[in-house]
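Q: with the input below, show me the fold.
(one chain, ligands or ions: 2)
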Amino acid sequence: MNRIAFITGATSGFGRACAHRFAEAGWSLVLSGRREERLAELREALEDKVPVHTAVLDVRDDAAVKAMVEALPDEFAGVTCLINNAGLALAPQPTQQVDLADWHTMIDTNVRGLANVTHALLPTLIEQGAGTSIINLGSVAGDTPYPGSHVYGATKAFVKQFSYNLRCDLLGTGVRVTDVAPGLSETEFTLVRTGGNQDAHDALYQGTTPLSAEDIAEQIFYVATLPAHININRMDVMPVRQAWAPFAIDRD
Ligand SMILES: NC(=O)C1=CN([C@@H]2O[C@H](COP(=O)(O)OP(=O)(O)OC[C@H]3O[C@@H](n4cnc5c(N)ncnc54)[C@H](OP(=O)(O)O)[C@@H]3O)[C@@H](O)[C@H]2O)C=CC1
Ligand SMILES: O=CCS(=O)(=O)O
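A: Numbering: from 1, shown residues only. Ligands and ions are numbered 1, 2, ... in the order given. All right, here's what the predicted structure looks like:
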């Protein structure tokens, strides 16, 4: 099987690290994101090693997603691994203080965007059959509530359940589906979440040992390269130095 990974949100964090990890193993790459310069940098860094196709793509735009997939050059059209990674959290304030526009952006990106890309690529993945994978970036926030997670955590709960439900319907096609659910990981995620607050980013990760983008890329690569008869349904990954908190109680 010609191995082709289609990675959304390849311009930063987990997506970029996946591009490097899969290139190292000789996979052809379809890389997308909204930041064109970053895609160009990635292409320049990787195209000596493997075939690379880049496309500026906002996953929220279903027509653009469909058109981009339909316009894939023949060499890249037979995608065998979809890494649905594009996503974001915004506004870590209590739900009631968050603008509706921020709720919408998270839902449109993490839910609609992931659905748009999955819908566009499902026929291809089914056609490729056994050994293909859909790897969705969920989060520990998808099943562990915490203050300020609000719509973000809820979108990741969608990712988990959608992944499981897809598994049910894809039974018999050979297409695998995994919800990779990381915990604390140092990427641009917190900068985006806090509107570019470098102090908040530094404070969150200092004095502990978060996961790195490369740690998660390694797990994703592992999932994608398991023997074709194995499906990891969910991979819940935290740094050793992270765990759960006790229940919060409101007292008089
Ligand atoms: N870091 C963490 O602690 C964790 C992150 N996750 C999830 O992992 C995924 C990757 O996050 P991470 O690497 O940490 O964060 P980064 O902010 O470093 O990367 C996010 C990526 O998503 C892309 N993206 C965001 N919005 C869109 C959009 N509308 N269309 C296309 N691409 C988009 C960005 O590209 P561009 O801006 O160029 O479009 C960027 O490449 C997300 O789904 C996140 O929710 C899950 C658990 C933990
Ligand atoms: O999804 C991101 C991890 S966390 O910030 O919710 O712990």
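
Q: pretty sure residue 138 sits against residue 156.
A: Yes - assessed by C-beta atoms under 8 Å, residue 138 is found in contact with residue 156 at 4.8 Å. In this view, the C-beta of every residue, glycine as well, is placed from N, C-alpha and C.

Q: residue ranges of the strands in the stretch 101-250 of the chain, please?
A: Under the criterion DSSP state E, counting those that start in this stretch, the stretch 101-250 of the chain contains strands at 133-137, 176-182, 185-186, 211-212, 234-237.

Q: residue 6 should be in a helix, yeah?
A: No - using DSSP: H, G, I helix; E, B strand; the rest coil, the secondary structure at residue 6 is strand, not a helix.

Q: who does it bridge with?
A: residue 30, residue 82 (DSSP bridges).

Q: ok, it - how many residues close by?
A: The local packing of residue 6 (other C-beta atoms under 10 Å) involves 28 other residues.

Q: quick check: pLDDT value at it.
A: With respect to pLDDT, residue 6 has a value of 99.

Q: can you check the one 4 residues further on too?
A: We note a pLDDT of 99 for residue 10 in this prediction.

Q: separation between it and ligand 1?
A: 6 Å (C-beta to the nearest ligand atom, to the nearest Å).

Q: report pLDDT for the residue nearest to residue 211 when sequence neighbours are not counted.
A: Distances taken as C-beta to C-beta, 6 or more residues apart in numbering put residue 185 closest to residue 211, at 4.1 Å, once the chain neighbours are dropped. With respect to pLDDT, residue 185 has a value of 99.

Q: with the one 4 residues further on instead?
A: In this prediction, residue 189 carries a pLDDT score of 98.

Q: of residue 138 and residue 156, which one has the most company?
A: Neighbours per residue, other C-beta under 10 Å: of residue 138 and residue 156, the larger number sits with residue 138, 29 against 26.

Q: got the contact list for that one?
A: For residue 138, the contact set (C-beta atoms under 8 Å, 6 or more residues apart in numbering) comprises 156, 159, 160, 163, 179, 180, 181, 234.

Q: any buried residues in stretch 235-249, and which?
A: Using 16 or more other C-beta atoms under 10 Å as the test for burial, stretch 235-249 gives 235, 236, 238, 239.
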